[in-house]
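Trainee: mind folding the following:
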Amino acid sequence: MIPVLFVYSYFVAGLALLMFVNGVVSAITVSDGGGQAFVISAALLLFAAGCINLAIRGSERRLRPRERFSLAFAVYLTMPLLAALPILVFQPQIAVLDAYFETVSGLTTTGWSVLPETDTLPTSIVLWRSLLQWMGGAMILLIVIFMLSPARVGGLPDSQAGPIDYTGNYERQRVGFALSRVLPLFIGATMACLALLALTGIDLLDAFVLSTASLSTSGFTARTEPIGDYLPDSAIWIVTLFSTLAATSFLWLRRLLRGEPSALRHRESYYVIITVGGIGFVLTYLLTAAGGGTILGNIRDGFSIAASIVTTSGLETRVGGHSTLPYALLLILVFVGGSSFSTAGGIKMFRVGAMAVQSMRELIRLVYPHAIRAARFGTQTYNIQIMKSVWSLLFAALFASLLAACALGFAGLPVDQAILGGFGAVSNMAVDLFADGNQLVRFETLPIVTKGALCFVMIVGRLEVLAALAVLFLPNWRG
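Mentor: I've put the predicted structure just below:
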């Protein structure tokens, strides 16, 4: 496990650098006293990462698939605890589990919060949550390309990320190659979103937090109220646009910007955009039929809510906007999510396409038993082994969502809201939940058992479920 620890030290160092930046910016721009806690915590983590890296540098080697899964699981399981350190130092009255839940929610790009209302939080913590969700978006792109896709976890396509498995002799070279493929585009898109939001005249803090939320498809904002209560129409459309782009494949976006013809054949990302548009029209009709609001306002809200559901960002323009859709359709959209190689959660659209292709083949074989028909969804071909992985991930994700639903049911939520929350946890979407009496659920009031279960489900959901199960399945480690 020493090689795993070596690569892990780079993740800790990255977290420490972001923590240091947050501390310096907070010390310079705000006077809430949190800058010192973040700088000291960053120094400790950077020192620990450097010691680990220097101590075992000579033991570096290529990781086996199970070691890559262990690394990914360790990153999401332990790094939130490290990220919670400055919060606990700065605000010692916050419980350890609450701080851990908050950082898990950020790094998994979920967006649920157990802290007091955002308007009352110190600015340094608001900035830190924003940086965590941004890091979570970049980190899942790296982990999918670097670890999960080469192993074809859950049938992930290797046509776009497979070459990385044969690049370089050491893991740090492969990590560098993976970062070079997505990080420049991810940073550039974040800066573009920030600039456009700033041009709308909104507060710079709101613009920064919303740009990180849009590109990471997460739900943390700088205010308690929905974005429709304080953003102009132009800013809402910008958030909708960038959230939708973040739910498409970043490797597809990279090829598209480079003018590569293969980008035109990548159907999955087009389906994400089409789904957002289709659901946006449906929601516009439902909002208009319900009465209230202007036509332009309903169009804005309809497409914004559609993007928040399909991309699993959860950024709503109005409280309870997600419930405008029929309940069953909402569950399906939340569970499916966006595209592979994106920051969106869910089981991803290519798996739905694969299951649809296989189901159609089986139906055709009932009529033409000897017919030979290629199994293909866009540019991706499927065989029996890939389909086994796809169906396995589907049932594993359903089981994980059931676990979260049971935990929420234990907290006293109605059955329909508990199930919706379970799907939201495994798809990393901060969907609003309502208790009896139509009261919005405050997550800080949930039992400890429920918070712990939600943390676990958010982590395994972000890791495509099967990777986490591979680590937890002890027979894989024999021999």
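
Trainee: list the buried residues in the helix or strand where residue 104 lies.
Mentor: Element membership of residue 104, judged by DSSP states H and E, is helix 96-107. Across helix 96-107, burial judged by 16 or more other CB atoms under 10 Å covers 98-107. Every residue, glycine included, has its C-beta placed from N, CA and C.

Trainee: one more: stretch 115-130?
Mentor: 115, 118, 121-130.

Trainee: helices or strands up against the strand or helix carrying residue 239?
Mentor: If you go by DSSP H and E, residue 239 is part of helix 233-246. If you count contacts as 3 or more CB pairs under 8 Å, 6 or more residues apart in numbering; DSSP states H and E, helix 233-246 packs onto helix 171-199, helix 204-216, helix 267-289, helix 295-310.

Trainee: now the following helix or strand past it against helix 204-216, angle please.
Mentor: Of the helices and strands lying after helix 233-246 in sequence (DSSP H and E), the nearest is helix 250-257. Calculated by axes from the mean of the first three to the mean of the last three CA atoms, to 10 degrees, helix 250-257 forms an angle of 100 degrees with helix 204-216.

Trainee: what sits up against helix 250-257?
Mentor: With contacts defined as CB atoms under 8 Å, 6 or more residues apart in numbering, helix 250-257 is touched by 141, 145, 160-161, 181-182, 185-186, 189, 245, 262-263, 266, 268-269, 339, 341-343.

Trainee: in PyMOL, select just the buried ones from those.
Mentor: In PyMOL, this line selects whichever of the contacts of helix 250-257 come out buried by 16+ other CB under 10 Å:
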select buried, resi 141+145+160+161+181+182+185+186+189+245+263+266+268+269+339+341+342+343
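
Trainee: hang on, the earlier thing: among the buried residues of stretch 115-130, which are in helices?
Mentor: 123-130 (DSSP state H).

Trainee: quick check: phi and psi on residue 439?
Mentor: Residue 439 adopts backbone torsions of phi -90, psi 130, taken as degrees, to the nearest 10.

Trainee: ditto for residue 440
Mentor: Here is the backbone geometry of residue 440 (degrees, to the nearest 10): phi -60, psi 130.

Trainee: over to the one 10 residues further on?
Mentor: Dihedral pair for residue 450: phi -70, psi -40, per degrees, to the nearest 10.

Trainee: you'd agree it is up against residue 406?
Mentor: No: applying CB atoms under 8 Å, one finds residue 450 not in contact with residue 406, separated by 9.4 Å.

Trainee: between those two, which one's more packed in?
Mentor: residue 450 (22 against 14; other CB atoms under 10 Å).

Trainee: what separation is there between that one and residue 421?
Mentor: Distance, residue 450 to residue 421, using CB to CB, to the nearest Å: 9 Å.

Trainee: what pLDDT does the model give residue 374?
Mentor: Per-residue confidence (pLDDT) for residue 374: 58.

Trainee: select, out of the helices and strands packed on helix 233-246, the one closest to residue 149.
Mentor: Using CB to CB as the measure, helix 171-199 is the one of the helices and strands packed on helix 233-246 that comes nearest residue 149, at 9.7 Å.

Trainee: now do that closest one against helix 233-246, angle only.
Mentor: 160 degrees.

Trainee: model confidence over helix 171-199, on average?
Mentor: Average pLDDT, helix 171-199: 87.

Trainee: mind listing what's buried along that helix?
Mentor: 171, 174-176, 178-179, 181-182, 185-186, 189-190, 193-194, 196-198.

Trainee: assign residue 428 to helix, strand or coil.
Mentor: What DSSP: H, G, I helix; E, B strand; the rest coil gives for residue 428 is coil.

Trainee: host element of the nearest residue to it once chain neighbours are set aside?
Mentor: Leaving aside its sequence neighbours, residue 428 sits nearest to residue 345 (CB to CB, 6 or more residues apart in numbering; 3.5 Å). Under DSSP H and E, no helix or strand contains residue 345.
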